[in-house]
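Chemist: can't give you the sequence, but here's the structure:
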DNA sequence: CACGAATTATTGTTGAACAATCTCCCTGGG
DNA sequence: CCCAGGGAGATTGTTCAACAATAATTCGTG
């Protein structure tokens, strides 16, 4: 068909031959994370395949990938939709985090470099708070917790955490407004890193666990408000 | 083509319309777990698609799923191969297990039902040892550790653990002979469940961690022998 | 207005085709 | 004898077009 160029967009830019399906999955993942594709919205095969300039088959393969990451939900004979996490998903998110984050704090390998990285992230969060940038604060917060899991040295756990954090972003996107959720945690995060630096891992782990409890409760609260 | 029936095998038996791609993924996952498809062996698209009676496109989608579970490895323009975990993969497996299993023992919800289940599994392991059935012992061992992670109540962690255990099976399949690896752990597992029953979670967690260290060392040892 | 049936749209799956890439063998030169 | 180079053949990556199966919608009828 002569008119594939109708939606040729970039795709020549970054690493042309990244095995189209993977590339498409990356594009969609990015758009979902950016909030361009809002939770619950339908991803039509025909519309998307022509919009992205790939065949339905290739798009389908990308969908498989994203469904495996639970970024989208596939309903047989109905289509795929951007995942829209609810109360149960939030609970699951914190079940996971309450296990792997304290575990990482307790038993991970706390290197000086890791501590430096975390301190830099915490400073970034403080600056974001001072500047009143909610988005940057959210980013820094996620980056910090990601770094905590990084202490485990495990790629699988890191991947799991990335999935969880991506789902968290979806939760925020699903909420109409994003009132300041993170500023309370900037100071707590500072204390967390201090404790890790001081080698007080028990305190770091238990404090982290408590923080997660609070965050979950607060998030569930706002979710109930939004849906009630 | 009239001759699709050439390889019609069952496929009408179990839940006919399980949406072919996932059904195929299930079949392949089972064959890999059973050791029918040995680690490193190539999965030719043409051969498999005709052997399973599905189109290459559908098979491809199944491959995506399995690659996402790292049951198979995809090498661009070369094909997909049954994953063949080596030393680094074993290390990663135990990095994960050393985090989530003790975490589950420490912070999971230890219900009486869960304890009963675990005791039943442990008894099964003892019977298998008495009967000299290595395979049953391996199964029971895996089931027990799976149950430990189940204490977290988290589906994501359970899924991660399942992936890890599947990879463990691949490691065993990759070793020419499977000398008795599990009998040493039957008694340790008994003690683990006893400690959980007694509410001595710290001991359960630290003992578990030690067991995992020993198991990793032993496994790495045998791997070194096999490849040396 | 409610209800059911026909129409329409969308997904699920297949088969064939072609380009890109790899594998392997075969030949020629050192 | 060994190695480099070059095809020929096979395999994967991707697209297209078609049809079957299922869901959504529309429309006619009571």
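Modeler: Sure, I can see it. Since the structure is predicted, the reported quantities are computational estimates derived from the model, not experimental observations.

Chemist: who are the packing partners of the strand or helix carrying residue A:187?
Modeler: Assigned by DSSP states H and E, residue A:187 belongs to helix A:183-197. When contacts are defined as 3 or more C-beta pairs under 8 Å, 6 or more residues apart in numbering or on different chains; DSSP states H and E, helix A:183-197 packs onto helix A:112-131, helix A:134-150, helix A:201-227. To be clear about C-beta, it is placed using only N, CA and C from the backbone, and glycine gets the same treatment.

Chemist: please identify the deepest-packed of these.
Modeler: Among those, helix A:134-150 has the highest mean neighbour count (mean count of other C-beta atoms under 10 Å in any protein chain shown), at a mean of 21.

Chemist: near DNA strand C, which residues of chain A are found?
Modeler: When proximity is defined as C-beta under 7 Å from any atom of the strand, chain A approaches DNA strand C at A:17, A:42-46, A:56-57, A:60, A:74, A:76-79.

Chemist: now, of these, which are buried?
Modeler: With neighbours counted by 16 or more other C-beta atoms under 10 Å in any protein chain shown, the residues of chain A next to DNA strand C contain buried members at A:43, A:45, A:60.

Chemist: in strands only, show me the residues you listed.
Modeler: Mapping those onto strands (DSSP state E) picks out residue A:43.

Chemist: near chain B, which residues of chain A show up?
Modeler: A:19, A:21, A:57, A:60-61, A:64-65, A:68-69, A:76, A:92, A:95-96, A:98-100, A:102-104, A:107-108, A:152-157, A:160, A:163-164, A:209 (C-beta under 8 Å from any C-beta of the partner chain).

Chemist: do that again at 6 Å, thanks
Modeler: Applying C-beta under 6 Å from any C-beta of the partner chain, we find that chain A lies next to chain B at A:19, A:57, A:61, A:64-65, A:68, A:76, A:95-96, A:99, A:103, A:152-154, A:156-157, A:160.

Chemist: what about the spatially most central residue of chain A, which helix or strand?
Modeler: With the centre of chain A defined as its mean C-alpha position, the nearest residue by C-alpha atoms, centre = their mean is residue A:166, 2.0 Å away. Per DSSP H and E, residue A:166 falls inside helix A:155-174.

Chemist: what residues of that helix count as buried?
Modeler: Applying 16+ other C-beta under 10 Å to helix A:155-174 flags A:156-158, A:160-161, A:163-174 as buried.

Chemist: give me the contacts around stretch A:179-198.
Modeler: By C-beta atoms under 6 Å, 6 or more residues apart in numbering or on different chains, the residues outside stretch A:179-198 that reach it are A:110, A:115, A:118-119, A:122, A:125-126, A:129, A:134, A:137-138, A:141, A:144, A:203-204, A:208, A:211.

Chemist: buried stuff in it?
Modeler: A:181-182, A:185-186, A:189-190, A:192-193, A:195-196.

Chemist: mean confidence score for that stretch?
Modeler: Stretch A:179-198 carries an average pLDDT of 93.

Chemist: what domains does the record give for chain A?
Modeler: A:2-82, A:87-227 (automatic domain parsing).

Chemist: ok, which of those comes nearest DNA strand D?
Modeler: Closest of the domains of chain A to DNA strand D is domain A:2-82, at 3.1 Å (criterion: C-beta to the nearest atom of the strand).

Chemist: quick one: distance of that closest one to the chain centre.
Modeler: Its chain's C-alpha centre lies 18 Å from the corresponding centre of domain A:2-82 when counted by C-alpha atoms, centre = their mean, to the nearest Å.

Chemist: ditto for stretch A:85-105
Modeler: With C-alpha atoms, centre = their mean, you get 13 Å for stretch A:85-105.

Chemist: contacts for it, please.
Modeler: With C-beta under 6 Å, 6+ apart as the criterion, stretch A:85-105 contacts A:148-149, A:151-152, A:157, A:164, A:167, A:170-171, A:201, A:204-205, A:208-209, A:212, A:216, A:219, A:223, B:99, B:103, B:152-154, B:156-157.

Chemist: and it, which residues are buried?
Modeler: Residues of stretch A:85-105 classed as buried: A:85, A:89-105 (neighbour count, 16+ other C-beta under 10 Å).

Chemist: what about the residues you listed, which are in helices?
Modeler: Mapping the buried residues of stretch A:85-105 onto helices (DSSP state H) picks out A:89-105.

Chemist: circling back to that earlier point, any idea which of the domains of chain A scores lowest on pLDDT?
Modeler: domain A:2-82 has the lowest average pLDDT among those, namely a mean of 83.

Chemist: one step back: pipe the buried residues of stretch A:179-198 into a markdown table and attach distance to residue A:28 per row.
Modeler: Converted to a markdown table, those look like this (distance: C-beta to C-beta, whole Å):
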| residue | distance to residue A:28 |
| --- | --- |
| A:181 | 26 |
| A:182 | 26 |
| A:185 | 30 |
| A:186 | 32 |
| A:189 | 31 |
| A:190 | 36 |
| A:192 | 34 |
| A:193 | 34 |
| A:195 | 39 |
| A:196 | 36 |
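
Chemist: could you dump those into a markdown table and include distance to DNA strand D?
Modeler: Shown next, in a markdown table, are the buried residues of stretch A:179-198 (distance: C-beta to the nearest atom of the strand, whole Å):
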| residue | distance to DNA strand D |
| --- | --- |
| A:181 | 34 |
| A:182 | 37 |
| A:185 | 40 |
| A:186 | 43 |
| A:189 | 41 |
| A:190 | 46 |
| A:192 | 43 |
| A:193 | 43 |
| A:195 | 47 |
| A:196 | 43 |
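
Chemist: for DNA strand C, state which of those residues is nearest.
Modeler: residue A:181 (33.5 Å).

Chemist: next up, phi/psi of the closest one, please.
Modeler: phi -110, psi -20 (degrees, to the nearest 10).

Chemist: how close does it sit to residue A:221?
Modeler: To residue A:221, residue A:181 is 11 Å away according to C-beta to C-beta, to the nearest Å.

Chemist: and chain A, which of its residues are near DNA strand D?
Modeler: Residues of chain A lying near DNA strand D (C-beta under 7 Å from any atom of the strand): A:1, A:4, A:17, A:19-21, A:53-58, A:76-78.

Chemist: can you list which of the residues you listed are found in helices?
Modeler: Per DSSP H, the residues of chain A next to DNA strand D map to helices at A:20-21, A:56-58.

Chemist: these two touch, right, residue A:136 and residue A:129?
Modeler: No - judged on C-beta atoms under 6 Å, residue A:136 makes no contact with residue A:129 at a distance of 8.8 Å.

Chemist: shared neighbours of these two, anything?
Modeler: With C-beta under 6 Å, 6+ apart, residue A:136 and residue A:129 have no common neighbours.

Chemist: returning to that earlier point: closest to chain B out of the ones in helices among the residues of chain A next to DNA strand D?
Modeler: Closest approach to chain B among these (C-beta to the nearest C-beta): residue A:57, at 5.5 Å.

Chemist: skipping adjacent residues, who's closest to the closest one in space?
Modeler: residue B:57 (5.5 Å; C-beta to C-beta, 6 or more residues apart in numbering or on different chains).
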